[in-house]
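Colleague: Okay, here's the prediction I keep looking at, along with the sequence it came from:
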Amino acid sequence: MIYRSKAPLRIGLAGGGTDVSPYSDLYGGAVLNATVSLYAHATIELLEENKVIVQAIDRNEEEVFENTNELPLNGKLDLLKGVYNCIQRDHGLKEFKGMRLSTYVDAPAGSGLGTSSTLVVAILGAFAEMLRLPLGEYDMAHYAYEIERNYLKLSGGKQDQYAATFGGVNFMEFYEGDKVIVNPLRVKQEYLFELENNLVLYYTDTSRESAEIIKKQSKNVTDKKEDSIGAMHLLKQQAQRMKEALLKGKLHEIGEILDFGFEQKKQMAEGISNPLMEEIYQAAKSAGATGGKISGAGGGGFMIFYCPGNTKFNVIKSLASFGGRHRNYQFVEHGLKTWTI
């Protein structure tokens, strides 16, 4: 038997960073994001031999082990092995002789679209399909969060696991005690079409280690740095503004809302922006974009730009000289999907 899953990556539109502890625990966070037609994929293939094989096809990495209760965490394929270990611990895999766990992601690691967390959700989904685990959307997202943050000790926020599991356009609220409320937004289809038409997704052809930036951001809150905390308060307000603009069809305001967030996000921690990203941002605005943002924790990866009218063609042309590339996408309403073949 073969068990498969796919979970969509997300574009963060507003409020990013306020889902990270300790800010969300102390003040409450709010994020608006939307899933897109780029995915993390996972496959579990049962084997007759007594082996556990884990492989990341897109990274050309593979490790082979004798069937065991716990795979060693050594910095290589730890996301895959971490999920396997937690499933083995919590649900047991003794009845299966051997298996091959394979993954690939439609965007590079560290690109700012939530790739790591979405991959954890996809892997969990494949195991849930295989074991027929009765996990609801909140259960699945929280389990993925627990594995990544508590078992693997990886720094990060909470939004990505929930976006990947629920799918669609969501306004998410984050509170102390890992309390998360996902509010699906009923955005009119024509508004989403226009947003999709006007929003350019640009990959800077650089990746970054988000954990280090997030650690700095968290430390700034712990140290009560007023500039950083104040910026996060304003980003939370930005998420409310973005929600109203999308629901009421005030799309002409989106560029300005993104531009406001771009300036605030840079105050959260050192390393979120850099001279190259500033140059790219200014080039996009000079070509007709009214605003944009750095996706994810910052420091590299994807950027998005709001380009009203038909200005996106000029923006794409102007960014060609920076060596990156734009990616086509569509918004998708579905979250994690699993199936058996």
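Modeller: It's in. Numbering: from 1, shown residues only.

Colleague: can I assume residue 85 sits in a helix?
Modeller: Yes - assessed with DSSP: H, G, I helix; E, B strand; the rest coil, residue 85 lies in a helix.

Colleague: Could you find the closest non-adjacent residue to it?
Modeller: Distances taken as CB to CB, 6 or more residues apart in numbering put residue 70 closest to residue 85, at 5.1 Å, once the chain neighbours are dropped. Yep, even glycine has a C-beta here, placed from its N, CA and C like the rest.

Colleague: mean confidence for stretch 216-224?
Modeller: Mean pLDDT, computed over stretch 216-224, is 83.

Colleague: Give me the buried positions along that stretch.
Modeller: Buried residues in stretch 216-224, counting neighbours by 16 or more other CB atoms under 10 Å, are found at 216, 217, 218, 220, 221.

Colleague: One more: stretch 276-290?
Modeller: Neighbour counts over stretch 276-290 (16+ other CB under 10 Å) mark 277, 280, 281, 283, 284, 285, 287, 288, 289, 290 as buried.

Colleague: so what does the lowest-mean-pLDDT helix or strand in the chain touch, helix or strand wise?
Modeller: One helix or strand of the chain scores below all others by mean pLDDT, DSSP states H and E: helix 210-222, with a mean of 76. The helices and strands touching helix 210-222, judged by 3 or more CB pairs under 8 Å, 6 or more residues apart in numbering; DSSP states H and E, are helix 23-27, helix 226-248.

Colleague: could you check the angle helix 226-248 makes with it?
Modeller: Helix 210-222 runs at 110 degrees relative to helix 226-248, counting by axes from the mean of the first three to the mean of the last three CA atoms, to 10 degrees.

Colleague: quick one on the thing from earlier: reformat the buried residues of stretch 276-290 as CSV; add pLDDT.
Modeller: As requested, the buried residues of stretch 276-290 are exported to CSV (pLDDT from 0 to 100):
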residue, pLDDT
277, 86
280, 93
281, 94
283, 97
284, 97
285, 97
287, 98
288, 98
289, 98
290, 98
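
Colleague: Looking at those, which one is closest to residue 5?
Modeller: When the buried residues of stretch 276-290 are ranked by distance to residue 5 (CB to CB), residue 277 comes first, at 33.1 Å.

Colleague: three-state assignment of the closest one?
Modeller: Applying three-state DSSP: residue 277 is helix.

Colleague: got it, and residue 170?
Modeller: strand.

Colleague: related to what we said a few turns ago, ok, so of the buried residues of stretch 216-224, who is nearest residue 155?
Modeller: Residue 155 lies nearest to residue 218 out of the buried residues of stretch 216-224, by CB to CB, at 7.1 Å.

Colleague: mind checking how far that closest one is from residue 203?
Modeller: 27 Å (CB to CB, to the nearest Å).

Colleague: now do residue 110
Modeller: Residue 110 is 11 Å from residue 203, by CB to CB.

Colleague: Find the residues that touch each one of these two.
Modeller: By CB atoms under 8 Å, 6 or more residues apart in numbering, residue 110 and residue 203 have these common neighbours: residue 301.

Colleague: Does residue 22 touch residue 220 like I think?
Modeller: No - using CB atoms under 8 Å, residue 22 makes no contact with residue 220, being 10.2 Å away.

Colleague: So what touches stretch 225-234?
Modeller: 17-18, 23, 27, 29, 217, 220-221, 260, 264-269.

Colleague: TSV for the helices and strands packed on helix 210-222, including distance to residue 328?
Modeller: Listed next are the helices and strands packed on helix 210-222 as TSV, based on distance: least, CB to CB, whole Å:
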stretch	distance to residue 328
helix 23-27	33
helix 226-248	21
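
Colleague: Need the ones you listed in CSV (columns: distance to residue 1 and mean neighbour count).
Modeller: Shown next, in CSV, are those (distance: least, CB to CB, whole Å; neighbours: other CB atoms under 10 Å):
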stretch, distance to residue 1, mean neighbour count
helix 23-27, 40, 20
helix 226-248, 42, 19
